[in-house]
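J.: what's the 3D shape of this:
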Amino acid sequence: MKKQMLTFLGLVFLGNTAITQQWTLLNTGTSATFGSIFSTDNDTCYALTGGLYKTSDAGQSWQSVNALLAYNFYFTDNNTGFAVRNEFIMRTTDGGITWQNVYSILDLEFLDVHFPSSSVGYAVAIDITL
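T.: Here you go, the predicted structure:
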């Protein structure tokens, strides 16, 4: 069932030419393979690869910000962000330059984080003791 649903969503997206015509292919100017990507506004975007990269000019150029190793991340504004890896939830308040561990549980492995507002966040984890 899950496989059929993913195929159906792909067909709906590809069938809407108005949406597909708005995409522009940009060269990152790096040899890095970007994984997760998150945009805080029309010009500022962060990408996670073997570290954290940032653009402030809508993807025209990318700069390495930090050697952050994380599974996923989420920014609530241009400076404040959260990342998860292993048993840690980390936070930055300077646009990803430095990160501090703000929460950890040894028996969990955090996989994803999301903030619907600047004061409420959710993290997904698995119990690694099972």
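
J.: quick one: pLDDT of residue 35?
T.: We have a pLDDT of 81 for residue 35.

J.: Same check on the one 4 residues further on?
T.: Here the pLDDT value assigned to residue 39 is 90.

J.: outside of stretch 60-68, which residues touch it?
T.: 26, 28-30, 46-48, 50-55, 83, 95-99 (Cβ atoms under 8 Å, 6 or more residues apart in numbering). To be clear about C-beta, it is placed using only N, CA and C from the backbone, and glycine gets the same treatment.

J.: mind listing the helices for the chain?
T.: Assignment of helices within the chain using DSSP state H yields the ranges 2-15, 17-20.

J.: And the contacts of stretch 60-68, which of them are buried?
T.: 28, 46, 47, 48, 52, 53, 54, 55, 83, 95, 96, 99 (16 or more other Cβ atoms under 10 Å).

J.: Verify the contact between residue 71 and residue 110 for me.
T.: Yes. Between residue 71 and residue 110 a contact is recorded at 7.0 Å, counting by Cβ atoms under 8 Å.

J.: Quickly list what's touching both of these two.
T.: Shared contacts of residue 71 and residue 110, defined by Cβ under 8 Å, 6+ apart, comprise 84, 85.

J.: which one of these two has more residues nearby?
T.: residue 110 (24 against 17; other Cβ atoms under 10 Å).

J.: And that one, what's its pLDDT?
T.: 91.

J.: again with residue 49
T.: Residue 49 is assigned 85 on the pLDDT scale.

J.: What residue, apart from its backbone neighbours, is nearest it spatially?
T.: residue 32 (4.2 Å; Cβ to Cβ, 6 or more residues apart in numbering).

J.: who are the neighbours in contact with the one you found?
T.: Counted by Cβ under 8 Å, 6+ apart, residue 32 has contacts 47, 49, 50, 51, 53.

J.: Could you list the buried residues of stretch 34-49?
T.: Those would be 36, 40, 44, 45, 46, 47, 48, 49, for stretch 34-49 by 16+ other Cβ under 10 Å.

J.: which of the helices of the chain has the lowest average pLDDT?
T.: Among these, helix 2-15 carries the lowest mean pLDDT (a mean of 39).

J.: Now do whichever strand in the chain runs longest: which elements does it pack against?
T.: The single longest strand within the chain, with elements called by DSSP state E, is strand 108-117. For strand 108-117, the packing partners by 3 or more Cβ pairs under 8 Å, 6 or more residues apart in numbering; DSSP states H and E come out as strand 72-75, strand 81-85, strand 88-92, strand 120-127.
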